[in-house]
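K.L.:
predicted coordinates and the sequence they were generated for:
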Amino acid sequence: MHERDSVSWNTMIDSYAKVGNMVAARELFNLMDHKTLISWTIMINGYSQHQNPKEALTLFNLMLSHNIKPDKFCIIGSISACAQLGALDSGRWLHTYIKKTKIPLDVVVNTTLIDMYMKCGGIEEAHAVFNSMLERNVITYNVMISGLGINNSGAEALRYFYQMEQDGMELDDLVYMSVLSACSHAGFVTEGVEIFKRIRNPKVEHYGCLIDLLVRKGEFGKALNFIGSMPMEPNVDLWGSVLLGCRVWKNVGLGEFVVDRLKEISGDDRGVYVLMSNIYADSGMWDGVAAMRRIVAVKGVVEGGKSVIEVVGGGVEEFVSGKNGGVCGDDIEEVVCSLSKMLDLEYEG
């Protein structure tokens, strides 16, 4: 009877979790008398998939305290939560736990571990997991290439890309986006253009990666030529990367042109005016700064930024500027102290 009841409860919880209504899902979960592994897994993955990684890990620890052993599906959600938080120590602990409890390290679990290590800055550990794998797929390679690009290891990212080609693996749209992004971070213009030209039917996202690469290096003429050759209309993200490049290179004239294009596409986005104000300021054009600030003043107040950190002892915490959420007030001193301790420990090590 309990088993049948659990199936019904889990079905209802899963239906809420799939649409991101984690409040309703949690209310039902808390009412369950007999929570199964599936119940815990649905909740942990739901929190992880809907941008509440801290609660995912809190629930995972609570599950362990109830002596419930996770399976690979539960582990994947927990590892993903560590990746979102940048919680390297928690991710390492999970990896060790997987080995000790002999949870199968299949291609999905290993690829999730690689993604976590890359997003947390554990590049060598990501390499170690990759090299230990008996089976790899396109997603595994893509995670490696993307992670290496983010961690400013463009040459290594290219090596894995060319290895994929040599092994005869199919190069999908995501792989091309990842390697182009890696070229952008590394400033590899020649390699990036050459790889872009191999794509049979490039999407707007591929053009966006290429344009980002070119404007980072100040190649605005080439960037505009590629934009002009696009078979589709440039989107907000693409023009936004050009505007960011204009700030780096203090290109006021092109910046003004891009602002006009963005107004046509997205209307009056206050973030565009803030960036253009910075471009004017970097060039000492204070009349332009004043004009942009007048426009920005009409657009409202910027929402406070949110940061998440891993503190000493393996926990994670978040704080929001200008809001009474997460860490605030007197608690900030404790967070700063934790950061200082982490730096001291790394220095001593």
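P.N.:
Looks like it came in fine. Numbers count the residues shown, from 1 in each chain.
K.L.:
now do the domain split for the chain, please.
P.N.:
Using automatic domain parsing, the domain parsing of the chain gives 251-302, 306-349.
K.L.:
what ranges do the helices span in the stretch 101-250 of the chain?
P.N.:
Assigned by DSSP state H, counting those that start in this stretch, the stretch 101-250 of the chain shows helices spanning 107-119, 123-132, 138-150, 154-166, 173-186, 189-196, 204-216, 220-228, 236-248.
K.L.:
the third one packs against which elements?
P.N.:
With contacts defined as 3 or more Cβ pairs under 8 Å, 6 or more residues apart in numbering; DSSP states H and E, the packing partners of helix 138-150 are helix 107-119, helix 123-132, helix 154-166, helix 173-186. Every C-beta, even on glycine, is put in place using the N, C-alpha and C of the backbone.
K.L.:
what packs against the host helix or strand of Ile44?
P.N.:
Here Ile44 sits within helix 37-49, counting by DSSP states H and E. Under the contact criterion of 3+ Cβ pairs under 8 Å, 6+ apart, helix 37-49 touches helix 2-18, helix 22-31, helix 53-65, helix 72-85.
K.L.:
could I get these as TSV with mean neighbour count, distance to Phe196 and mean pLDDT?
P.N.:
Below are the helices and strands packed on helix 37-49 laid out as TSV (neighbours: other Cβ atoms under 10 Å; distance: least, Cβ to Cβ, whole Å; pLDDT from 0 to 100):
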stretch	mean neighbour count	distance to Phe196	mean pLDDT
helix 2-18	15	37	88
helix 22-31	16	40	97
helix 53-65	19	34	98
helix 72-85	23	28	98
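K.L.:
now the helices of the stretch 101-250 of the chain in CSV, with mean neighbour count?
P.N.:
Shown next, in CSV, are those (neighbours: other Cβ atoms under 10 Å):
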stretch, mean neighbour count
helix 107-119, 23
helix 123-132, 16
helix 138-150, 23
helix 154-166, 17
helix 173-186, 23
helix 189-196, 17
helix 204-216, 23
helix 220-228, 15
helix 236-248, 20
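K.L.:
ok, which of those helices comes nearest His66?
P.N.:
Ranking these by proximity to His66 (Cβ to Cβ) places helix 107-119 first, at 22.5 Å.
K.L.:
what are the contacting residues of the closest one?
P.N.:
Residues lying outside helix 107-119 but in contact with it, judged by Cβ atoms under 8 Å, 6 or more residues apart in numbering, are 72, 75-76, 79-80, 82-84, 86, 88, 91, 95, 98, 103, 122-123, 125-126, 129-130, 132-133, 135-137, 139-140, 143-144, 146-148, 150-151.
K.L.:
repeat that for stretch 57-65.
P.N.:
Stretch 57-65 is contacted from outside by 40, 43-44, 47, 70, 74, 77-78, 81-82, 85, 87, 90, 316, using Cβ under 8 Å, 6+ apart.
K.L.:
mind doing that once more with 10 Å?
P.N.:
With Cβ atoms under 10 Å, 6 or more residues apart in numbering as the test, stretch 57-65 has contacts from 26, 29, 35, 37, 39-41, 43-44, 46-48, 52, 68-70, 74-75, 77-79, 81-82, 84-85, 87, 90, 94, 97, 314-316.
K.L.:
which residue ranges form the strands in the stretch 201-349 of the chain?
P.N.:
With DSSP state E, counting those that start in this stretch, the ranges of strands along the stretch 201-349 of the chain come out as 306-310, 316-320.
K.L.:
find the nearest non-adjacent residue to Gly288, please.
P.N.:
With sequence-adjacent residues excluded and distances taken as Cβ to Cβ, 6 or more residues apart in numbering, Gly288 is closest to Tyr280, at 3.4 Å.
K.L.:
the one you found: what's it in contact with?
P.N.:
By Cβ under 10 Å, 6+ apart, the contact set of Tyr280 is 247, 250, 252, 255-256, 286-293.
K.L.:
report the spatially nearest residue to Leu105, omitting neighbours in sequence.
P.N.:
Ile98 (6.6 Å).
K.L.:
how far away is that neighbour from Met285?
P.N.:
Distance, Ile98 to Met285, by Cβ to Cβ, to the nearest Å: 56 Å.
K.L.:
the two: who's more crowded?
P.N.:
When neighbours are counted by other Cβ atoms under 10 Å, Ile98 and Met285 differ, and Ile98 comes out ahead with 20 against 15.
K.L.:
nearest to Gly271, out of the contacts of Tyr280: which one, please.
P.N.:
Using Cβ to Cβ, the contacts of Tyr280 come closest to Gly271 at Met292, 11.3 Å.
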